[in-house]
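Student: Got a sequence here, can you model it:
(one chain, ligands or ions: 4)
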Amino acid sequence: MCKKVITLSICVLLSFSVIISAIPSSAYSTQATSNGNPAKVSFWFAFFRSEPNLSFGNIQAIYLNGREVTVLGYEGGYAFVQDNKTKNKGYIHKFLLNDKTLDITKEYDYVYVDMEKEGSIKVNYAGEGKLVWELSKSGIADITQYDDRSFSVTGLSPGTVKLTVKCNGNKDSCIINCINKWEEPETSTAKNNFSLLHTPDSSNVNLSLSKGTAIKACGNIPNKKDYLYVYIGSVQKYGFISISDFPGIDYVLTQYHHYDNGYGVRFSSASNKIKDYASVLNDVTMENFNLKVAGFVEKYTSVADECKILRSGSVTSGNISAACKQTAGHLDGTCLTTANLRNDLTKQFGAGSGNISQIAWTGHIMTSNLDDRSNSTLGVGSIIITPCGVVNSSNFSNLSNSEVRKGSLYTLVHETGHQLNLYDYYCYKDMPSQGALCSNVNCADCNGVPHASGCIMLKRVKVEEVDIDSIYCDECDAEIRKYLAENLD
Ligand SMILES: [Zn+2]
Ligand SMILES: [Zn+2]
Ligand SMILES: [Zn+2]
Ligand SMILES: [Zn+2]
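Tutor: Ligands and ions are numbered 1, 2, ... in the order given. The predicted model follows:
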């Protein structure tokens, strides 16, 4: 994987390592030119400082999300950068940049990298001794070690990789993990005294803070469900707190929304539309369960896209409703099924888990359109959403924008119900003969399973036209609470 890129980078990094080993580490950040990585502020704001420390006195400017800089080096938790517009040089906390190069110094037992999508990182070690690595899960990423001081990891997926880096000659063990940074922080006030942690490891306390302190919850680490990544304005520090210390959020479910090229062709502003649906879902789960559903949206190339690209070179409005026409039988004719979309999704992004959902939104019409509206089930961390519920069933043109929105919200909230351990209670209407029972053993009609009538697991509820706390009925509500307490606590 990425062999070409690695070969090209080796000579650059080899010469880089010679430079950094020849200069003292205090000068490392400002002198090493790294390779002048372009980077952007990837948080809602960041302080641009004259020095890499936390005093109010040295803040030069506030940079908003998207501000472009060039990374010249690192010092502690800071990147030394040059602003692309003003050409001023200064420091920005490296967690707030989308730069994927990490430095490790011996002050850090752990290093966190924001990995919102599959990608690669470079790791440079500026301390004493050698650097060796080990992956806690094997076979999910490729590692190339260049020398004693740098290596590169490719093929990382969001939230799935914990990389342990041991620095020989020191006791340090550096763990690289992934923070999901939320778009909008949730602000709250501490109800009790609490600890701000340097890392999500309670043995490593940064500060003890008191009741009444304002806290912004800024993100989470998918594999560490007990912690939130927070910002404390009064002391200007980022860190971790136990989720039990954060009033207002009791649980976090992370959903990665992947929309394919077909979806992008079918719906304009696809990314914003899905962010909007994710935000309504979050309102529903926060109000009902104090469950934060952190949603991340990105475009991907699905197997259904590939089918159309094979057929006519690209995905267009003219082929998003077309069947597979590969002469040899593309994937034996199974390309346009939800099962195959799921295989492909989980191959690309991982299978999901109890607190991580991988969601595919496709704009392509599936082979069996009427049966394949969406697809998710208990204990499976992935959801497939097809256009079936939001297109005209005779010609597959889109329904009106407001119908698309209603249908999409229903599907997302309903399918998330399955992720939270709920069954379908509606009738599958697949009885082979009149009078026979449908295949849904939980069907309220055929199998007489008692179920509250207004529940989204029973009927197509218009999420924004009913009471938010009646969307999941009392029974489903109790089931979700049980699931959250057992699995997300
Ligand atoms: Zn095909
Ligand atoms: Zn369902
Ligand atoms: Zn039925
Ligand atoms: Zn229900």
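
Student: I would like the residues contacting stretch 263-279, please.
Tutor: Stretch 263-279 is contacted from outside by 183, 255, 257, 259, 293, 295, 297-299, 315-317, 320, 361-363, 387, 398, 404-405, 408-409, 412, using C-beta atoms under 8 Å, 6 or more residues apart in numbering. (C-beta placed from N, C-alpha, C; glycine too.)

Student: Identify each buried residue in it, please.
Tutor: Using 16 or more other C-beta atoms under 10 Å as the test for burial, stretch 263-279 gives 263-267, 270, 273-274, 276-278.

Student: what about that stretch, start to end distance?
Tutor: 19 Å (C-alpha to C-alpha, to the nearest Å).

Student: Quick one: mean pLDDT for it?
Tutor: In this model, stretch 263-279 has a mean pLDDT of 97.

Student: gap between that stretch and the chain center?
Tutor: Relative to its chain's centre, stretch 263-279 lies at 16 Å (C-alpha atoms, centre = their mean, to the nearest Å).

Student: ok, the residue lying closest to Ser397 once chain neighbours are set aside - contacts?
Tutor: In space, and not counting its chain neighbours, Ser397 is closest to Val391: 6.4 Å by C-beta to C-beta, 6 or more residues apart in numbering. Contacts for Val391 (C-beta under 8 Å, 6+ apart) come out as 365, 397-399.

Student: Distance of Val391 relative to ligand 4?
Tutor: 27 Å (C-beta to the ion, to the nearest Å).

Student: Tell me how far that residue lies from ligand 3.
Tutor: Distance, Val391 to ligand 3, using C-beta to the ion: 25 Å.

Student: same thing with Leu331?
Tutor: Counting by C-beta to the ion, the gap from Leu331 to ligand 3 is 32 Å.

Student: Find the residue closest to that residue in space, skipping its chain neighbours.
Tutor: Per C-beta to C-beta, 6+ apart, closest to Leu331 is Asn340, 6.3 Å.

Student: Surely Val265 is in a helix?
Tutor: Yes. Membership of Val265 in a helix is supported by DSSP: H, G, I helix; E, B strand; the rest coil.

Student: related to what we said a few turns ago, looking at the buried residues of stretch 263-279, which is nearest ligand 3?
Tutor: Using C-beta to the ion, Tyr277 comes nearest to ligand 3 of these, at 27.9 Å.

Student: Among the contacts of stretch 263-279, name the buried ones.
Tutor: For the contacts of stretch 263-279, buried by 16+ other C-beta under 10 Å: 183, 255, 257, 259, 293, 295, 297, 299, 315, 320, 361-363, 387, 404-405, 408-409, 412.

Student: The residues you listed in strands, which ones?
Tutor: 183, 255, 257, 259, 293, 295, 297, 299, 361 (DSSP state E).

Student: Among these, give me the pair with the biggest separation.
Tutor: Val293 and Lys299 (20.3 Å; C-beta to C-beta).

Student: does Ile309 count as helix, strand or coil?
Tutor: With three-state DSSP as the basis, Ile309 sits in helix.

Student: Tell me, how many residues neighbour it?
Tutor: Ile309 has 14 neighbours, counted by other C-beta atoms under 10 Å.

Student: show me what contacts the closest residue to it other than its chain neighbours?
Tutor: Distances taken as C-beta to C-beta, 6+ apart place Val315 nearest to Ile309, at 6.5 Å, with adjacent residues excluded. Val315 makes contact with 260-262, 265, 305, 308-309, according to C-beta under 8 Å, 6+ apart.

Student: just these now: which is nearest ligand 1?
Tutor: Lys308 (7.9 Å).

Student: Relative to Thr362, how far out is the closest one?
Tutor: Using C-beta to C-beta, to the nearest Å, Lys308 is found at 11 Å from Thr362.

Student: Please enumerate the shared neighbours of the two.
Tutor: Common contacts of Lys308 and Thr362 (C-beta under 8 Å, 6+ apart): Gly262.

Student: Might you name the residue of the stretch 101-250 of the chain sitting closest to ligand 4?
Tutor: Closest residue of the stretch 101-250 of the chain to ligand 4, C-beta to the ion: Asp250 (20.8 Å).

Student: Just list the residues touching that residue, thanks.
Tutor: Neighbour list for Asp250: 243, 289-291, 484, 489 [criterion: C-beta under 8 Å, 6+ apart].

Student: Can you pull the phi/psi pair for it?
Tutor: phi -100, psi -30 (degrees, to the nearest 10).

Student: of the ones in strands among the buried ones among the contacts of stretch 263-279, list those near ligand 4.
Tutor: Applying C-beta under 5 Å from the ion, the subset of those adjacent to ligand 4 is empty.

Student: Dump the residues you listed into JSON lines; add pLDDT as well.
Tutor: Shown next, in JSON lines, are those (pLDDT from 0 to 100):
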{"residue": "Glu183", "pLDDT": "81"}
{"residue": "Gln255", "pLDDT": "94"}
{"residue": "His257", "pLDDT": "95"}
{"residue": "Tyr259", "pLDDT": "96"}
{"residue": "Val293", "pLDDT": "96"}
{"residue": "Gly295", "pLDDT": "92"}
{"residue": "Val297", "pLDDT": "90"}
{"residue": "Lys299", "pLDDT": "91"}
{"residue": "Trp361", "pLDDT": "97"}
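
Student: Give me the contact list for stretch 452-466.
Tutor: Contacts of stretch 452-466 (C-beta under 8 Å, 6+ apart): 280, 284, 406, 409-410, 413-414, 417, 422-426, 444, 451, 470-476.
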